[in-house]
Structures are given as structure tokens and as C-alpha cells.
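Undergrad: Everything below, folded, please.
(2 chains)
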Amino acid sequence: MTLNGHNTRAILRWWLVGCVLCLAIAPVLPLLSVALVQESARPVWTAAFRGAMLSSSWLGVGVSSFALLIGLPLGLLAALYRFPGRRPLILFQALPLLLPSFLPCIGWSNLTTVRWLSWLPILDGFSGCVFVLGLQAVPLPFFAAWAACQNLTASQVDAARLHGGERDVLALSARASGPAAFLAALLGGILSLSSLGAPLIFGARSVAMEIRTSFSALFDFELAGRQCLFLGGIVLLLTWPILFIGLRTLASAVLARQTRPVVPYHHSLMGRLAFGALFLSLVIGIGLPTLGLCLPAVRNPMLGRAFQKVWATAGTTLVFTGGAGVVAVMLATLVALAAAADSRMRLVALAVLLSLLAMPPAMAAIGVSRVATEAPPQLDWLTRSQLTIVLVLGLRFLPVAAVAMMRAVGSMSPSWIDAGRIHGVTPFRMLRRVILPNLMPAIVVSVLLVMVLAAADITTTHLLQPPGSQSLPVAIFTVMANSHEGLVASLCLIYLVGVVGMLLIASQIPRLWQRRAA
Amino acid sequence: MTIRLAVRYSAFLLVPATLVGCSSSPPSSKTNVAAESGTVVVYSSVDEVFAEPICKQFERQTGIAVELVPDTEETKSTGLLNRLIAEKARPRADVFWSGDPVRAAILKSKDVSAAYHSPSAEGLPADFADPGDYWTGFSARARVLIYNTDLVSEAERPTSIHDLGSPKFKGKACLANPLFGTTSMHAAALFQVLGDEAAKEFFQTLVDNGVKIVSSNGEVRRRVVKGEFAIGITDTDDVNVAIQEGKPVGFVYPDSQGIGTLIVPNAAVLIAGCPNGDNGKKFIDFLLSSETEAALARSEAAQMPLRSDVELPDGFPFKPVAELKVMRVDYATLADKLEEISHGFLKQWVDENQ
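TA: Predicted coordinates:
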């Protein structure tokens, strides 16, 4: 009976996760089915596509390596040592990840027009893409390493310090956080496969550019769909073995619990090194491109016009992004709770979701657009409204929310759930009284994170936005070609301030929650 | 306590959902209200900064609300054209205001557009319109050579597109990806005017001369302004932005002694089966009027009126179309040529040289 009950629960959990995954896949299905069912006059596996695939693969490898080489040591230094301004320096490392990819590209591009910065090398081609996308991906291994270090106990670190000083501490923490940082850097590389901004601006060859050509120059949806399918297949081929091999480490990194957490150590030299490295990373990752973006705003501020634009688009932006955040986090919480006790389920969920994340966003948007055309007008509320954008964006960023929520669920003490079971507390009551209150800070932070990421997804919003509603990033994107550079720069500046604000709010939530609980 | 918590959680999850729900209802109802209250949905590949004032003017004159969905050269990667094609069976747009006639011709070839002969088209040259009235051209841009005045002297300035392949500009010239935007239209026009073999030779000389392919015409402007390249080929509106910002650039109408300068008119397209057809036609009538041509000439885009009797503003940086040696192309068949070369020579050329 117990075994049957256990099996039933396991089946239910698989069924639940399966449903969420099917929902996540749904937006890309229309175009994929077109690609599979309808015949395209042109073959997919041409020399050009092979070349682009190869170039993209190298781009992914380059971005992952760059991000890992920078992000891992930075994450370790940030986690292990005490230095002035530690909290804001750590927090602002997230900024490059939260901006639309075309903003830093244009920022870097603008910098070379400044006379006193003309010594900067002109970013171009493949190396320019690796540099900019790599900088954008650095926060992923950085925070993965930082979080994994939090899983070390203070006694482990103390023992290593006593045995071999800081060298042993760094070696221990690198071993502990390496796999998580590696996987996070890999995620950065995968995301770069579908990134269009940098290859477009720097003129590098990539699969995303090939797919864009099929969509926008050849108008061949079937070909573009099949190319997306290839891309997804390759992502699966890459991610599954790595996830499979790294599963145990990943599980321990995601689900490990602290008994006596590491306290940042005061070490004069290492503290200075950590401060310098994090500061430099911020200057290069966000300071210089922001300077490039904002210099025209300083020379010729058009803040009045910019604020008018912001005012006109703020409501829509909040609805799109806030809704996406809620959808993503609700589904992610379901997946995280269902997969909490089953590492195989986590593997399947992560692999499917990561593969979806690597798909070009235009794929889901165009697919949904086609479905909407075929659907009866009575379904417009679902297929052609702001709700459509909310759902598509929410499902696109479900992987990000899922990783965050898996981590949050993994950090919960199992003793609470055991205690509840012993006392015969019903699962619903347990969810309401124990699990959700404990997850609430992570839920709110994840909603904010998805909001910022969803705001930066211009392709989806642009292709699905109902007439008359426009979000701020799309507004920036649509005026940046030929508007006065002062207006574009002012808009970028306001957007950046908004993202910083969201980040600050997100950083305060867990602390406020703890204070309230105390 | 339990109830309070439940209410709090429900509120947290439901408030944004309700917001979304509330905000999602208007679009569907909007579709129904549109015909009664006077709305026209306009998709525009013309930059929003130029399109919006014209739409506002239309709203003031007619009382019909314009719901503008803008696009730009830079967003062609996502492209309203794709959206129009995807929405073909049940369109949401009434009018497509295209920045060039080739996209309008593509819509015609894909049965997305409907024929409409506007009474306002009176006075517009027939050369810049579809013979079947599936699109009508108005205010235009021209494809011009832009050069950095710090790097190129007046005597050395280019005069022909063939100068992109000249040894004096070896490694110093750039053009936008010819698979996209007005550059693709220019490529198709060259194939039509020069003939296939001569056009292929021209593109080969670009390769031999180290001409760089960049992402867009805006990028050509930026890189020439920066001095990264001495010359490039772009559109007049891009040049005007650089001039307005006081950048060190000059421009030349290419081939005024030869094949002429390519003119890129805007095109007004009525969408087949659109929800607000009558309002769509009124909007097209407004677009094709002399007043709109004059307003676009006054705008930052400094678009050149196709009518010769439209008064140009003081300090207008470009010549009227009538005073230019215009490249003689058949705009109606340009889309077919573009489709042919995009799938063949041009795609291969870009693949090999990007």
C-alpha cells in the first residue's frame, strides 16, 4: 500500500512536470510542426548553414570559456573575502545580464567615437561578439560559484585554511563551485547561440543570423523552422551528456544545505584583490558600455521627451513583464516542488527547459502569430492580446525561474516537511503554512528577475504586441536607428536606472522578509 | 492567520494576473469597437519618429484614432513584414506604410495586399506606383554615397557606386548587408539596370576591394562618421541625421552621369481583408496628399517629395527628385528580381564574404 502510494505520487509528479514542460514547448510547436510537415524548397544542411553552425559553436565555446574564466574566480573571491562595498559590488555584477544585448554593443561601438577613448580597440566580428556576449554571460558563473560557495560549511573552509592557507581555501571552493559555475557558463554559451544583437552589430556569422535571413530576407518560415529544429537538436546533444555527467554534482550544488555557513574572511591582500577584481569587472562589464550609451545624453540631454516616452510605455511594460514574471514563477515553483525529490526528473526538466531557452525567440512569436491567424476570433483574448505576450514571455523565461526555484526548494530544511508528515498535516496545508512562506522571498526575487529579462526580450514583444501597446525596450529599439542620439541615450539611461532600481528592490526583499519573520 | 495568509498569497498571484486579464480584454473588444469608433491599425516600416507625427496629424484632421505598430531598419530582423505574412488569413493591420516599394511588392506577390486607387494619388508620378494599384509611392529617399570629410577631400570624393571598388578606397568602404532593407532593393535594381553579368562583376569588385559588409544603413553611417571607413552607401535619411548632428560627413548622388541615383519612395498598401477598410483607405488618401509630402520633407527624415509642386523647407539638404538623374527601374518587378537573387547569387555572395 505504501509502495503503491509512493508510486502514485511519483506518477503524479511526473505527470505534473510533463504538463508544465508541454506547456513550455507549446509556443514553439506551431513553427516546428510546419517545418516538419511542410516541404521547403531549400535544404537546411547547406554549406552556409554548416559554416554558421560551426561559427556559432565556436562562439558558444568562446563565450562559455570567457565567462567561466572571469566569473568563477570573481565568484570565489566575492564569496570568501570581506572587502569594502562588498554587497553592492556583488549585486551589480548581475547588471550586464539584465540588459538587452544590443545596448552594450552600441555602447562599446559609441565609445570609439570619443577622442580620449580612441585608443580602445574597435570591437568587430567574431572576437567582438565573444567579448561582449562573454561579458554579458559572466554573471552566470559568477553567481553560480558564489552560491555554490555558500554551500560550503565554515568548518570545511577553516580546515582548509589551517592546512594550506588561502591557496587551499581557493582550491577547495573552486572544486566545490566549479561544476555549478561550469554549467552556468555553458548556459551562457547556449544563450549566445540565439543572440542576434552582437552578431548583427559586429557582423559575425552565426546560426541566429542564418535563421534571421531565412525569416526576413527569404520569407521561408519552413526553412527557418527547420534551422531552429537543428539548433535545438544540437543544444540537446550538447546539454544532455553534460547534465547527465554532472548530475550528481549539480544536484548537490542545487540542493545542498548549510549547517554553519561560510563567513567572509578578512584578509588584507585577498580583500583588496577581490575589491579590485569586482570593481574592474563592473567598469568593463557595465561602466564603459554605459558611458558609451550615455555620452550623447550628457552632450545633448533630451530627458523631457524621453520621460514622455517612458510615461507612455510604462504601464504596458509593467503588464508584459510583471505578468511574465508571475506565469514563469508559478510554473517554476510547481516544477521545483514536484522534482525536489527526484534527481532524474530535475535532469529531464532542466535539459528540456535549457534547450527551449536556446531557441530563437522569433520562433515562438511567429508560431503563435500563425496560430492566432488560424484561430477563430473568439480566441483573440488568448492568442492576440497582451495576455499572449505575457504567456509567451513567461514560458520563455520559465527555465531561469525554474533554476532559481529549484535552488530555493533545495535550500529548505527537510525536517519541516518530515515534522509535518509525522503530525499528519495535509499537503495543501503544508504548502500554505510551511513551504510557500519559506519560498516567498525567492518567489518575489524570481518574479523581479524574470521581469527584467522579459523586458529585454524585444523580439517576442515586438512580434506579438497588440496595436497601440508598446513596451519601453521596444520603444528604444524602434527609435534608435534614426532618432536624435540624445533621445536614444536618454531613454537608455532611464532604462538602466530602472533596471538598477529593480535590482536594488530584489536585493532587499530577502532581508526584509527575514526581519519581518524575526 | 490562515485566511490572512491565503488572501495575501492570492492577492500576490492574482493582482498581476487580473491586471493582465483586464488589459488583455481591450484588444479583442477593440477589434469590434474599431469600426464604430473610428480606428485604423497601421503597420509601418518607416521609423516611428517620422511616422508618429503624420499619424497624429491624421487623427486631428479626421478624428480617427491611429494604432501605430512601428518598425525600423534595425528591427527588420524581426520584421513587420513577417507579421503581416503570418497574419494573412485574418489580418489585424489595415494599412502597411512601407519605407520602400519592394516590401510592398512582396506583400502583393503573397496576396497580402489589396488594390486601391486613391484619389489623392493625383499628381504623383506613375513610375513610382504599382500598375495594379496594390501600392502607391510617395515621398522618397535616395541611395547616396556618404563620405567622411576628414578622410576624403572634395577632390577625391566618390561620384559613382563603382568607386566602392576603386583602389583609392581599398579597405575603406562599407555597405549594409545586401540581403536586407533598401540595400537589397539597390542590389536588385543594379541587377535589373546593369544586367546579371555586369552586376555580378560589380559585386566581385567589391570583394576584391575589401568592402566591408555591415548590419544596416544606420551602421554604415555610424562607421563612416567614426572614420572607421572613408565611404559607404546609405539612404538620405541616414545622411541627414549625421548632418543634423554636425558630424564630418558629405554625400554624393551617385552616377549622375551614368545609370543614375536609385530613388526609394515610401509605399502605401491597403491590406486585403483588413478589419477597418474604409478608415484604411482614408489613411492612405491622407498619406498620399501633398500635405504629407510637405510634412515629411520638413521632418528629420528630410524625405524628398515626388510631386514637383510641393514647397521644400528652407535649408532642405537634398535636391527635389525632379532635378535628379533617376535610375530607371521597374519597381513593380523589382521584388521578383530580389527574390531570384536573394535565393541565389546574393545569398551566396554574403555567405562567402561576411
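Undergrad: Give me the helix or strand of the chain that scores worst on average pLDDT.
TA: Going with chain A. Counting by mean pLDDT, DSSP states H and E, the weakest-scoring helix or strand in chain A turns out to be helix A:247-255, with a mean of 56.
Undergrad: oops, chain B please
TA: Lowest by mean pLDDT, DSSP H and E among the helices and strands of chain B is helix B:2-37, with a mean of 40.
Undergrad: Next, work out how far apart the residue sitting nearest the centre point of chain B and residue B:58 are.
TA: Using CA atoms, centre = their mean, the residue of chain B that lies closest to the mean C-alpha position is residue B:99, 2.5 Å off. With the distance defined as CB to CB, to the nearest Å, residue B:99 ends up 18 Å from residue B:58. C-betas here are computed from N, CA, C, even on glycine.
Undergrad: For the longest strand anywhere in chain B, list the C-alpha coordinates in CSV.
TA: Among the elements of chain B assigned as strand by DSSP state E, the one spanning the most residues is strand B:136-148. Coordinates of the C-alpha atoms in strand B:136-148 are reproduced here as CSV (Å, rounded to 0.1, in the frame of the first residue of the first chain):
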residue,chain,number,x,y,z
THR,B,136,1.3,53.7,-54.4
GLY,B,137,4.6,55.5,-53.9
PHE,B,138,5.0,58.9,-52.3
SER,B,139,7.8,60.9,-50.5
ALA,B,140,11.2,59.3,-51.3
ARG,B,141,14.7,58.8,-50.0
ALA,B,142,17.6,58.3,-52.3
ARG,B,143,20.5,55.9,-52.2
VAL,B,144,23.6,58.1,-51.8
LEU,B,145,27.3,57.8,-51.2
ILE,B,146,28.3,59.1,-47.8
TYR,B,147,31.9,60.0,-47.0
ASN,B,148,33.9,61.3,-44.1
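Undergrad: by contact count, what packs against that strand?
TA: Contact partners of strand B:136-148 among helices and strands, from 3 or more CB pairs under 8 Å, 6 or more residues apart in numbering or on different chains; DSSP states H and E: helix B:181-194, helix B:217-226, strand B:231-235, helix B:236-244, strand B:249-252, strand B:263-271, helix B:290-298.
Undergrad: For residue A:268, which of the ones you listed is the nearest?
TA: With CB to CB as the measure, helix B:217-226 is the member of those nearest residue A:268 (44.1 Å).
Undergrad: Residues contacting the closest one, please?
TA: By CB atoms under 8 Å, 6 or more residues apart in numbering or on different chains, the list of residues contacting helix B:217-226 from outside reads A:109, A:112-113, A:201, A:481-482, B:73-74, B:146-148, B:174-176, B:181-183, B:214, B:229-235, B:238-239, B:241-242, B:247-249.
Undergrad: Buried subset of these as a ChimeraX selection?
TA: Only the buried entries of the contacts of helix B:217-226 go into this ChimeraX selection, using 16 or more other CB atoms under 10 Å in any protein chain shown:
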select /A:109,112,113,201,481,482 /B:73,74,146,147,148,174,175,176,181,182,183,214,229,230,231,232,233,234,235,238,239,241,242,247,249
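Undergrad: Highest mean neighbour count out of the helices and strands packed on strand B:136-148?
TA: Among these, ranked by average contacts under mean count of other CB atoms under 10 Å in any protein chain shown, first place goes to strand B:231-235 (a mean of 29).
Undergrad: quick check, distance from the longest strand of chain B to the centre of its chain.
TA: Averaging C-alpha coordinates over strand B:136-148 and over its chain gives two centres that are 10 Å apart (CA atoms, centre = their mean, to the nearest Å).
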